[in-house]
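Give me coordinates for this.
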Amino acid sequence: MRFLRHVAFVALTLTMAPMVSAAMLSGQFKGRYGGLEIYDAQSKLSFRVNTPRLSERLPPCATYLVPHMVIALGTGVLKENELPFAFDASKYTDSQDWPASWRREQTFDSALKDSVRWYAQELAVKMGSARITQNLKRLKYGNADITGGLDKFWMSSSLLVTSFEQIDFMKALRDGKLGFNPRINKLVQDAMVVEKTVDYTIYGKYGSCPMPNGTYLGWLVGYVESAGKVWYYALNLDGKSVADFSGVRLDIVKGSMIELGFLPAPPAPLVPDPLAMPATSTAAAVAPVSAGAQ
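Prediction:
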């Protein structure tokens, strides 16, 4: 695993940024290689880890399913009340190795939440290359190149996007500036909720895919809303396998948001009051431990 090589902390306005060091945010990565941008829509400040990485165009993996669903719904190819797509195992010879969440009928929101590739592939065929390309160019989503094939152009193939472009798309989605009916934006955003508490709501889309060099790329992109404020984020990580980052992406985003003061820190664990604890006999304190206990 490569360690973080380039770390930058950048303020995009002349306003003095909060005194948060780049090392503080990069510490959330715990030695993993990747990049992170958090954009504060209130102050117009961006907080960045590894700016060169953020500028690099990478496969969007399943994060692409957000614009994919928006285009399908917005152009009317997919209807809001569309019947679920039936799953036909006979069409996919490797389906026995898929997650259980894929091996069933799918609606657009279940397919988006679970990154169901076969649903996205069938929807791509319904939309067609011309419609997808035209809309990706209009939305300025990455290089808008889908020549890698309707079944995989977003998975380590021809479609490439930077972290900055990911955030620009999320801003346009939330602000209703994609040129589609606002109802479409709302439907897709509702399917993007990954965590909701009384204090905040995190909207996001995960994605991962294998890279030509044998490593894996993992994404988490979206935004956070709290008390009328919004922050956008784009995180990507390298790993030897999906397991290297599957359980840490949300922790890195939340930890960074807490470091910046945008989210409340979790409450400290309760510490028992030793004066309130019942007395323990000396015999119990030195009771022998069986040989099998470690």
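
quick one, helices of this structure?
Read by DSSP state H, the chain holds these helices, from start to end of the chain: 22-26, 51-54, 65-74, 108-114, 117-127, 129-139, 163-174, 182-190, 249-259, 282-285.

how about the strands in the protein?
Along the chain, the stretches classed as strands by DSSP state E are 34-40, 45-49, 193-196, 201-210, 216-226, 229-239.

now the protein, which segments are flagged as low pLDDT?
Low-confidence segments of the chain, defined by pLDDT under 70, span residues 1-23, 270-294.

go again using 90 as the cut-off
Low-confidence segments of the chain (pLDDT under 90): 1-25, 80-81, 93, 265-294.

Can you tell me which residue is spatially central in it?
In the chain, the centroid-proximal residue (C-alpha atoms, centre = their mean) is Leu220; its distance is 1.8 Å.

looking at the sheet around that residue, what are its partners?
In this entry, Leu220 is beta-bridged to Tyr206, Leu235, by DSSP bridges.

For it, give its distance to Leu73.
Computed as C-beta to C-beta, to the nearest Å, the Leu220 to Leu73 distance reads 23 Å. For glycine as for every other residue, the C-beta is placed from the backbone atoms N, C-alpha and C.

How about Arg57?
26 Å.

Looking only at neighbour counts, state which of those two leads.
Between Arg57 and Leu73, counting by other C-beta atoms under 10 Å, Leu73 is the more crowded of the two (21 against 15).

quick one: the nearest residue to the more buried one once chain neighbours are set aside from Asp190, how far?
Using C-beta to C-beta, 6 or more residues apart in numbering and skipping the chain neighbours, the partner closest in space to Leu73 is Ile184 (4.6 Å). Distance, Ile184 to Asp190, using C-beta to C-beta: 11 Å.

Show me which of those two is the more surrounded one.
Between Ile184 and Asp190, counted using other C-beta under 10 Å, the more crowded position is Ile184 (23 against 11).

tell me the contacts of that one?
Under the criterion of C-beta atoms under 8 Å, 6 or more residues apart in numbering, the contact list for Ile184 reads Val70, Leu73, Gly74, Leu178.

how about a markdown table for these, with distance to Leu235 added?
Conversion of these to a markdown table gives the following (distance: C-beta to C-beta, whole Å):
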| residue | distance to Leu235 |
| --- | --- |
| Val70 | 21 |
| Leu73 | 26 |
| Gly74 | 26 |
| Leu178 | 22 |
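
Tell me the one of those nearest Gln106?
Within those, the smallest distance to Gln106 is 14.5 Å, found for Leu73 (C-beta to C-beta).

My guess is that closest one contacts Asn185. True?
No. With contact defined as C-beta atoms under 8 Å, Leu73 does not reach Asn185; the gap is 9.3 Å.

buried residues in stretch 234-245?
Ala234, Leu235, Asn236, Leu237, Asp238, Gly239, Asp244, Phe245 (16 or more other C-beta atoms under 10 Å).

Please read the previous query as pertaining to stretch 73-90.
Applying a neighbour-count criterion of 16+ other C-beta under 10 Å, one finds Leu73, Gly74, Val77, Leu78, Phe85, Phe87 buried in stretch 73-90.

Identify, from those, the entry nearest to Ile132.
Of the buried residues of stretch 73-90, the one sitting nearest to Ile132 (C-beta to C-beta) turns out to be Val77, at 9.8 Å.

Now do the residue nearest to the centre of the chain against Leu78, distance only.
In this structure, Leu220 and Leu78 are 25 Å apart, going by C-beta to C-beta.
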